[in-house]
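Colleague: below is the sequence, then the predicted model.
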Amino acid sequence: MGAILSTLRSWLWWGGNAEQRQETSVIGGQSPRNSISPDDDNIIEGVVAKFSEMKDGEMRECALGDGKVLVVKDKGQVHAVGSKCTHYGAPMAKGAYLDGRVRCPWHGACFSVKTGDIEDFPGMDSLPCFEARVQGDDIVVRADRDQIKSSARTRGMCHAAPGEDKRVFVIVGGGAAGAVCAQTLRELNFKGRVVVISKEEFLPYDRPKLSKAMNAQIDKILLRPREFYEKWNIEFLLKTEVTELDADAKTLKFANGNAMSFDACLVATGGAPRTLPVAGFKSSNVHVLRDIGEAHTILDATKGKHVLVVGSSFIGMETAASVVTNAASVTVIGMEKVAFERVLGTEVGSAIQKLHESKNIKFIMEAVVTEMKTADDKVTSVVVQIGGLAPGTEAKEFKELNCDVVVVGAGVVPATNFIKPGKSIKIDERERSIYTDNKMHAGNGIYAAGDIARYPLAFLDNELARIEHWGMAQYQGLVAAHNMVGKTKVADAVPFFWTAAYGKTVRYAGHALRYDEIIVDKEANGFNAETLKFAAYYCHKGKVLAVATLARDPLAAQCAELMQAGKMPTAADLQKAIAANGSTDALIQSRM
């Protein structure tokens with residue numbers, strides 16, 4: 001009897017008779033990656049929209065049962081996937097859609113609407129992909145209730161099979177790139193050993209949280225639980241330091257005296273916090289932010305204290321914003337004229353600095369620390385030189401600042417000192433980054449990803465660049481994994497990052513190594529500290545290389561997609577749009 005009912009349900013699902021099947025078409029390009037059997041009691045099916053009422057290229061969040069799905073109509077086809085980004089749960093319908101993929105409005109993760117697979121990062125999971133069909137004028141979606149609720153799907157993976165594959169792939173570094181690379185290797189059916197080696201005591205976790213929410217708890221920010229890695233035979237050597245990587249011999253040496261050989265290796269050790277070349281830097285009340293333990297230490301150490309933050313870019317400013325409400329005072333020392341000037345320019349940087357000043361953060365700019373005075377292994381005051389930083393100029397003054405705590409957030413340098421010089425790979429002599437091709441291959445089966453990799457950036461006509469963004473590190477880990485198993489994949493993603501403070505987020509798409517023009521699109525009060533709202537386009541020789549936005553979603557996501565597709569308007573186009581309409585929004589939307 002059960003078999004008869006199952007057959008009947010299958011027959012009803014596919015249309016019941018030939019005439020009805022001709023009227024009902026399953027549309028979406030290819031089969032969903034998470035198929036649902038016709039007799040699954042957890043499935044739900046319903047009409048979610050009218051085909052004639054959706055425009056071509058339109059995304060729409062539609063109700064289905066107690067949840068929601070994202071429905072996309074494109075080139076006469078319909079697709080249905082999870083409605084929330086797998087990173088932080090952003091509503092995908094408020095993002096950007098172009099040429100078969102949807103980009104998250106918050107942090108830039110991208111997903112194929114045909115398969116739900118994640119194509120750009122941040123995030124660890126893909127979207128569930130649901131069965132969608134057009135019946136008459138109705139768009140009908142059939143989905144699993146649990147998948148609708150979670151809006152996340154882990155791709156199929158394989159287990160290790162040493163009898164079939166004796167190769168050993170090692171990943172040095174347990175961060176963003178390493179976590180994605182390890183997972184992707186198993187997704188690509190690599191059955192050899194996957195070994196991740198990390199100096200940290202914890203499994204890979206969401207590091208960008210540290211400067212934005214310094215009280216984050218490790219169990220809440222792990223990218224994957226231990227059980228996930230155990231299930232898929234991904235080995236971790238935690239609290240293990242690699243002291244030498246011999247690329248020519250394909251061997252590793254560890255601080256504990258052990259050694260290991262490998263067949264392929266991803267180096268993804270990230271950046272080490274930049275230090276200051278002054279006496280007193282190693283005092284007990286001088287801190288840098290790299291791991292979760294340091295975040296907790298800084299948060300505790302700054303309560304009720306007078307804090308100096310050295311560094312006026314992203315890590316320094318996020319740290320200052322995180323501690324200011326509990327500290328007695330916070331003063332930022334920066335080399336630039338205004339905060340964020342090097343990346344965002346003077347006008348935008350000044351506006352964001354005023355926001356921080358409105359929260360009682362003080363600034364001493366165009367300044368460097370020249371001396372740390374100490375007593376009992378603690379810095380009691382810092383001497384700063386103001387002015388005289390440019391060649392041929394003199395210092396305006398020297399100022400001594402009393403303090404209880406010093407936090408240095410002055411950027412990072414590639415953590416590659418353990419790599420033995422050799423013929424197989426090339427390392428930049430000045431900054432110690434590793435040169436790779438567009439497949440993240442450095443040579444002799446050695447790959448690099450994340451802060452340490454200098455590679456040809458596709459949308460900058462393959463100019464070499466080193467990108468210090470979390471999402472890009474994850475993406476490069478994906479690319480490396482493909483090429484490690486012999487599946488050619490080229491790194492061509494457009495960089496995307498964000499910085500947040502006081503409930504406001506700046507999103508940045510692209511990469512402007514240099515710019516000769518900044519086009520600012522803002523309202524009359526767009527740079528007011530309380531009503532910050534703008535888009536700034538960074539251009540070089542008429543080409544838009546990057547855009548920074550605040551309170552203008554989904555503009556950054558849209559621009560990232562246009563840059564990726566080679567459809568971004570020129571600087572002249574943007575100027576004309578602002579002159580004619582007072583905004584670039586309509587122009588950007590028209591290119592989508």
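Modeller: That came through, no problem.
Colleague: rest of the way, CA atoms for contacts and neighbours
Modeller: Fine.
Colleague: can you tell me how far residue 151 is from residue 224?
Modeller: Spatial separation of residue 151 from residue 224 under the definition CA to CA, to the nearest Å is 16 Å.
Colleague: more crowded one of those two?
Modeller: Between residue 151 and residue 224, residue 151 has the larger neighbour count (other CA atoms under 10 Å), namely 24 against 16.
Colleague: who's in contact with the more buried one?
Modeller: The neighbours of residue 151, taking CA atoms under 8 Å, 6 or more residues apart in numbering as the test, are 82, 83, 84, 85, 86, 127, 128.
Colleague: next: residue 178.
Modeller: Shown here is residue 178, whose contacts under the criterion CA under 8 Å, 6+ apart are 171, 172, 196, 266, 268, 474, 477.
Colleague: kindly report the same for residue 495.
Modeller: Residue 495 makes contact with 467, 469, 471, 472, 509, 510, 511, 560, according to CA under 8 Å, 6+ apart.
Colleague: narrow these to those in helices?
Modeller: Secondary structure assignment (DSSP state H) places 471, 472, 560 from those within helices.
Colleague: just the residues you listed now: which is nearest residue 461?
Modeller: For residue 461, the nearest member of those is residue 560. The distance, counting by CA to CA, is 15.8 Å.
Colleague: and the closest one, how far from residue 183?
Modeller: When distances are taken as CA to CA, residue 560 and residue 183 turn out to be 26 Å apart.
Colleague: which residues of the stretch 1-150 of the chain fall in strands?
Modeller: Remark: strands of the stretch 1-150 of the chain, listed N- to C-terminal, are 24-26, 43-50, 58-64, 67-74, 77-82, 96-98, 101-103, 110-112, 118-120, 129-135, 138-144; assignment by DSSP state E, counting those that start in this stretch.
Colleague: mind listing what's buried in the top helix by length along the chain?
Modeller: Using DSSP H to define each element, the chain has its longest helix at helix 341-357. Residues of helix 341-357 classed as buried by neighbour count (16 or more other CA atoms under 10 Å): 341-356.
Colleague: residue 365 contacts residue 331, correct?
Modeller: No: if you go by CA atoms under 8 Å, residue 365 and residue 331 don't touch, sitting 10.3 Å apart.
Colleague: beta partners for residue 261?
Modeller: Under the criterion DSSP bridges, residue 261 forms beta bridges with residue 251.
Colleague: quick one: residues contacting it.
Modeller: Taking CA under 8 Å, 6+ apart, one finds 168, 250, 251, 252 in contact with residue 261.
Colleague: would CSV of those residues with pLDDT and distance to residue 369 be doable?
Modeller: Listed next are the contacts of residue 261 as CSV, based on pLDDT from 0 to 100; distance: CA to CA, whole Å:
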residue, pLDDT, distance to residue 369
168, 98, 47
250, 98, 42
251, 98, 41
252, 98, 38
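Colleague: from residue 543, how far off is the most centrally placed residue in the chain?
Modeller: Using CA atoms, centre = their mean, the residue of the chain that lies closest to the mean C-alpha position is residue 471, 2.0 Å off. With distances taken as CA to CA, residue 471 is found 24 Å from residue 543.
Colleague: can you pull the buried residues of stretch 382-397?
Modeller: Residues 382, 383, 384, 385, 386, 387, 389 are the ones in stretch 382-397 that count as buried (16+ other CA under 10 Å).
Colleague: brain fart, stretch 147-157
Modeller: Within stretch 147-157, the residues that qualify as buried by neighbour count (16+ other CA under 10 Å) are 147, 148, 150, 151, 152, 153, 155, 157.
Colleague: of all those residues, which two lie farthest apart?
Modeller: Longest distance between any two of the buried residues of stretch 147-157 is 21.5 Å, between 148 and 157; criterion CA to CA.
Colleague: quick one: mean pLDDT for stretch 116-130?
Modeller: Per-residue pLDDT values over stretch 116-130 give a mean of 98.
Colleague: send me that stretch as PDB with only the CA atoms.
Modeller: Backbone C-alpha positions of stretch 116-130 (Å, rounded to 0.1, in the frame of the first residue of the first chain) are rendered in PDB as follows:
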ATOM      1  CA  GLY A 116      22.700  27.700  -4.600                       C
ATOM      2  CA  ASP A 117      26.500  27.100  -4.500                       C
ATOM      3  CA  ILE A 118      28.600  29.800  -2.900                       C
ATOM      4  CA  GLU A 119      30.900  31.500  -5.500                       C
ATOM      5  CA  ASP A 120      32.400  34.400  -3.500                       C
ATOM      6  CA  PHE A 121      32.800  35.000   0.200                       C
ATOM      7  CA  PRO A 122      32.500  35.400   3.200                       C
ATOM      8  CA  GLY A 123      30.700  32.400   4.500                       C
ATOM      9  CA  MET A 124      31.100  28.600   4.800                       C
ATOM     10  CA  ASP A 125      27.800  27.300   3.400                       C
ATOM     11  CA  SER A 126      25.900  27.500   0.200                       C
ATOM     12  CA  LEU A 127      22.200  28.300  -0.100                       C
ATOM     13  CA  PRO A 128      19.700  25.600  -0.400                       C
ATOM     14  CA  CYS A 129      18.300  25.300  -4.000                       C
ATOM     15  CA  PHE A 130      14.600  24.500  -4.400                       C
END
